[in-house]
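Participant: Okay, structure incoming, though there's no sequence with it:
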């Protein structure tokens with residue numbers, strides 16, 4: 001759902017803790033929607049706390065894959081890391097409903113109908129959200145590429 005890569009495992013763990021705590025109250029209907037709502041709320045709560053990290057920035061640790069990838073040159077690794085960070089920044093700028101629809105559809109591989117059921121919205125709303133998210137991402141990528149050309 002667009003949480004930072006370094007925090008995704010912790011967020012997933014938090015979701016399962018909440019699921020475990022709320023399982024006795026689950027009515028048994030629409031488990032995907034129920035899990036989605038819990039995950040959405042955990043990510044939202046996490047995003048509310050991100051500003052603390054922005055006040056006291058720290059260096060971002062390298063992932064294990066980045067540390068052990070011997071096939072790529074340091075320049076290629078840096079470029080890949082920068083592209084990943086740019087994509088994550090662009091995703092975080094989307095509103096929650098657009099980001100979630102795009103991630104569920106494009107990355108997680110859900111169908112439009114499944115996304116509509118999970119988000120509890122009409123199918124046309126899902127397609128609109130995905131379309132708007134794609135437009136915003138393309139504009140953001142074009143802006144980044146334009147800035148890179150100017151600095152080169």
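Facilitator: Nice, I can see it. Please read these numbers as outputs of a predicted model, since none were measured by experiment.
Participant: residue ranges with poor pLDDT in the protein?
Facilitator: 1-6, 47-72, 152 (pLDDT under 70).
Participant: Could you list the domains of it?
Facilitator: Using automatic domain parsing, the domain ranges for the chain come out as 1-61, 94-152.
Participant: hey, which of the ones you listed is tucked in deepest?
Facilitator: With neighbours taken as mean count of other Cβ atoms under 10 Å, the domains of the chain reach their highest mean count in domain 94-152, at a mean of 15. No exception for glycine: its C-beta is placed from N, CA and C like everyone else's.
Participant: can you give me the helices in this structure?
Facilitator: 8-22, 31-55, 64-68, 74-93, 96-102, 112-119, 123-151 (DSSP state H).
Participant: if we can go back for a sec, turn the domains of the chain into a markdown table, including distance to residue 73.
Facilitator: Formatted as a markdown table, the domains of the chain follow (distance: least, Cβ to Cβ, whole Å):
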| stretch | distance to residue 73 |
| --- | --- |
| domain 1-61 | 20 |
| domain 94-152 | 19 |
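Participant: Nearest to residue 86, out of those domains?
Facilitator: Of all the domains of the chain, it is domain 94-152 that lies closest to residue 86, at 5.6 Å by Cβ to Cβ.
Participant: That's all I had, so thanks and see you.
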